[in-house]
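# Here is a sequence with its predicted model. Questions after.
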Amino acid sequence: MFRSILCSLILVAVTACGSKRDPQIELIQDMMDQPSYKTQDFDESGKGGRSMRLPPDGSVPIGHKPYTIKDSQTAESVLKNPVQVSAESLIRGQKMYYTYCFVCHGSTGRGDGPVAEKTMAKPPSLVNARIKGWKDGGIYHLITSGRGLMGSFASQIPDEKDRWALVNFVRRLQENAE
């Protein structure tokens, strides 16, 4: 009984000492006083004074498959659309189109979107004979890698199935333009 009372008193005395701002016992000092930096702070020990660190060369995020095709001719011969045309894939493709493509290419794909007249060069029509002649792999490559003033949309549309669904939707726009 005496031991339990003594232990309780010691426990209360140890926890009651000090303020909440100061830790009572620092067993591992380095864990308590770590240098920390905000994202774009200056760090004299960092390369170029940057606090933001770049990933190591050659590192790849988990689940990421690098896209290595460099030209549209190779893409047209190698890539085949794995997403079957269905109501679901067309709805998915339409969502991608109206999120990322509509502002330049317009609702019918003719390159007459709301910002088309404000760009340096008018966006091409997706429903013209030249682009209708492309294979699905060529359109997918254009979405993934970009061309000319249009940049890559691989980071905005990271899911490959969404890009293929977008290809299906562009094909539907081409069918409806006839």
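Cool, got the structure.
# Could you measure from Gln94 over to Gly148?
Separation of Gln94 from Gly148 (Cβ to Cβ, to the nearest Å): 25 Å. No exception for glycine: its C-beta is placed from N, CA and C like everyone else's.
# lowest average confidence, helix or strand, in the protein?
Across the helices and strands of the chain, the lowest-confidence element by mean pLDDT, DSSP states H and E is helix 29-32, at a mean of 67.
# Helix, strand, or coil at the nearest residue to Glu160 once chain neighbours are set aside?
Nearest non-adjacent residue to Glu160, counting by Cβ to Cβ, 6 or more residues apart in numbering: Lys65, 7.7 Å away. Here Lys65 is recorded as coil under DSSP: H, G, I helix; E, B strand; the rest coil.
# okay, Gln94 and Gly148: which has more neighbours?
Set side by side, Gln94 and Gly148 show more neighbours around Gln94, with 17 against 9, by other Cβ atoms under 10 Å.
# And what about the more buried one, helix, strand or coil?
Put simply, Gln94 is helix when judged by three-state DSSP.
# what residues are up against it?
By Cβ atoms under 8 Å, 6 or more residues apart in numbering, the residues touching Gln94 are Phe169.
# if I look at it, how far off is Arg171?
12 Å.
# on that earlier part again, and the residue nearest to Glu160, how many residues sit next to it?
7.
# So it versus Ile157, what's the distance?
14 Å.
# Distance across stretch 91-107, terminal residue to terminal residue?
One end of stretch 91-107 sits 14 Å from the other (Cα to Cα, to the nearest Å).
# Begin at 2 from now on, thanks
Yes, from this point I'll number from 2; that puts the last item at stretch 92-108.
# List the buried residues of that stretch.
Residues 93-95, 97-98, 101-103, 105-107 are the ones in stretch 92-108 that count as buried (16 or more other Cβ atoms under 10 Å).
# Let me see the mean pLDDT of that stretch.
What stretch 92-108 shows for mean pLDDT is 97.
# now the helices for the chain?
Listed in chain order, the helices of the chain (DSSP state H) span 3-17, 30-33, 73-79, 88-97, 103-106, 130-133, 137-146, 161-178.
# Would you mind listing the outside residues contacting the fifth one?
For helix 103-106, the external contacting residues (Cβ under 8 Å, 6+ apart) are 98, 112-117, 120, 124, 126-127, 151.
# which of the residues you listed count as buried?
Applying 16+ other Cβ under 10 Å to those, the neighbour count classes 98, 112, 114, 117, 124, 126-127, 151 as buried.
# Relative to Asn129, how far out is the most centrally placed residue in the chain?
Centroid-nearest residue in the chain: Ser156, 4.0 Å away (criterion: Cα atoms, centre = their mean). Separation of Ser156 from Asn129 (Cβ to Cβ): 27 Å.
# And Arg54, by the same measure?
For Arg54, the distance to Asn129 - Cβ to Cβ - is 46 Å.
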